[in-house]
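**Student:** this is the structure alone, sequence omitted:
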């Protein structure tokens, strides 16, 4: 049995919407009947990763209460080190949308991802995603209403495989690389349930999961 654990939902992102998107993506996998998908809370991350699941999907920002005067974060120093050692020892990690947002840029976790969220324009807008750089139309592109993430990415040390363009400019939307004995993937779309269930987004997420699980 393949074990996938997912940390989803935060102040800005509905956990149930993300669950619907993730479950739809998992249902596309040829080995779906052999997958045990578990949802965890941030308090459970350390215990669960100690059990070395096959894949850890993080779709949660670091801030637990981002609008309060005193903001608390869930990524402790212990967890920051644990996620890296988990991947080094053969686990795989996918940072999905919010899972690369709000973390300290000098954290071990962000160094593991080799990229992080910088900002997005206010609200939703038409975003075109491209499977080939600068190919803004054709079979390798699709458009949906989404938050367009603008990111920093260490492109020299990862493989970029998804790009985005919108009214505010161009950005990177997905990348992946091996790390130690494991794998790391970053995937920026999507913000809404409709976006996560979009045929193209859902298929790409399934492909990312399949890649991460392939040893």
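**Tutor:** Great, that's in hand. Please read all numbers here as calculations on a predicted model, not as lab measurements.
**Student:** so which residues make contact with whichever strand or helix holds residue 112?
**Tutor:** For residue 112, the host element (DSSP states H and E) is helix 108-113. For helix 108-113, the external contacting residues (C-beta atoms under 8 Å, 6 or more residues apart in numbering) are 75, 80-81, 83-84, 87, 93, 95, 100, 103-104, 116, 179, 184, 186. Any C-beta I mention is one placed from the backbone N, CA and C, and that applies to glycine too.
**Student:** who wins on neighbours among the residues you listed?
**Tutor:** Ranked by the number of neighbours (other C-beta atoms under 10 Å), the contacts of helix 108-113 place residue 186 first, at 30 neighbours.
**Student:** quick one: what helix or strand has the residue nearest to that residue when sequence neighbours are not counted in it?
**Tutor:** Nearest non-adjacent residue to residue 186, counting by C-beta to C-beta, 6 or more residues apart in numbering: residue 95, 4.7 Å away. For residue 95, the host element (DSSP H and E) is strand 92-96.
**Student:** that strand - contacts with which helices or strands?
**Tutor:** Secondary-structure packing of strand 92-96 (3 or more C-beta pairs under 8 Å, 6 or more residues apart in numbering; DSSP states H and E): strand 55-59, helix 77-88, strand 182-187, helix 199-213.
**Student:** which phi and psi values does the residue lying farthest from the centre of the chain adopt?
**Tutor:** What lies farthest from the middle of the chain is residue 69; by C-alpha atoms, centre = their mean that is 27.5 Å. The phi and psi values for residue 69, taken as degrees, to the nearest 10, are phi -60, psi -40.
**Student:** also the one 3 residues further on?
**Tutor:** As for residue 72, its main-chain torsions (degrees, to the nearest 10) stand at phi -110, psi 150.
**Student:** name the nearest residue to it, sequence neighbours excluded.
**Tutor:** Residue 72 sits nearest to residue 64 (C-beta to C-beta, 6+ apart), 4.8 Å away.
**Student:** so how far is residue 29 from the one you found?
**Tutor:** 31 Å (C-beta to C-beta, to the nearest Å).
**Student:** verify the stated contact: residue 165 with residue 125.
**Tutor:** No. Applying C-beta atoms under 8 Å as the test, residue 165 and residue 125 come out as separate, 10.9 Å apart.
**Student:** more crowded one of those two?
**Tutor:** residue 165 (19 against 14).
**Student:** dump the residue contacts of that one.
**Tutor:** Residues in contact with residue 165 (C-beta under 8 Å, 6+ apart) are 127-128, 130, 136, 171.
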